[in-house]
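Participant: After the sequence you'll find the predicted model.
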Amino acid sequence: MGADRTEEVRTGKRRIMIIEDDPDMIELLSLIVRRGGYEPVAALGGQEGVRKLQELGADLVLLDLMMGDMSGWLVLQTVKGDETLQHIPVLIVSAKHQMEDPSQAEAFAHLFEGYLVKPFVVQDLLSQITEALS
């Protein structure tokens with residue numbers, strides 16, 4: 001058992017993986033997640049996010065859609081296509097213009113538990129996290 005897993009067991013906090021390519025947004029989401037009583041783990045971009053999920057696991061993923069190295073849609077497909085990760089709930093936290101194609105959203109709707117538009121209300125994010133983890 002790695003140090004990260006041991007820490008999770010010891011603290012009893014649920015781990016939330018933040019997959020985002022904006023360091024400022026990672027910092028903000030990490031602060032919100034921590035204040036909500038969860039353990040944030042950040043991944044800068046989609047490729048790092050998939051790798052960290054495979055290494056560390058998570059109880060929930062907060063996922064941006066528009067990232068330079070790998071689209072959030074591809075991350076979502078990769079996670080949900082992996083037998084060891086597909087059980088992890090995913091909340092999309094992305095700008096409104098990134099969801100302008102309703103057919104794309106409909107095609108992927110069964111793969112994610114919620115969608116929050118940036119800028120968002122902190123309590124809305126925490127409520128969606130609580131609901132997705134229950």
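Facilitator: Okay, I see it.
Participant: quick one, strands of the chain?
Facilitator: Using DSSP state E, the strands of the chain run over 15-20, 39-44, 60-63, 90-95, 114-118.
Participant: Dump these into JSON lines; add mean pLDDT, distance to S127 and mean neighbour count as well.
Facilitator: C-beta here means a position set from N, CA and C on the backbone, and glycine is covered the same way. Conversion of those to JSON lines gives the following (pLDDT from 0 to 100; distance: least, C-beta to C-beta, whole Å; neighbours: other C-beta atoms under 10 Å):
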{"stretch": "strand 15-20", "mean pLDDT": "98", "distance to S127": "14", "mean neighbour count": "26"}
{"stretch": "strand 39-44", "mean pLDDT": "98", "distance to S127": "17", "mean neighbour count": "20"}
{"stretch": "strand 60-63", "mean pLDDT": "98", "distance to S127": "13", "mean neighbour count": "26"}
{"stretch": "strand 90-95", "mean pLDDT": "92", "distance to S127": "11", "mean neighbour count": "21"}
{"stretch": "strand 114-118", "mean pLDDT": "89", "distance to S127": "9", "mean neighbour count": "16"}
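Participant: quick one: low-confidence parts of the chain?
Facilitator: For the chain, the stretches flagged by pLDDT under 70 are 1-11, 96-105.
Participant: Show me the helices in it, by range?
Facilitator: Along the chain, the segments classed as helices by DSSP state H run 3-11, 23-35, 46-56, 72-80, 102-108, 122-133.
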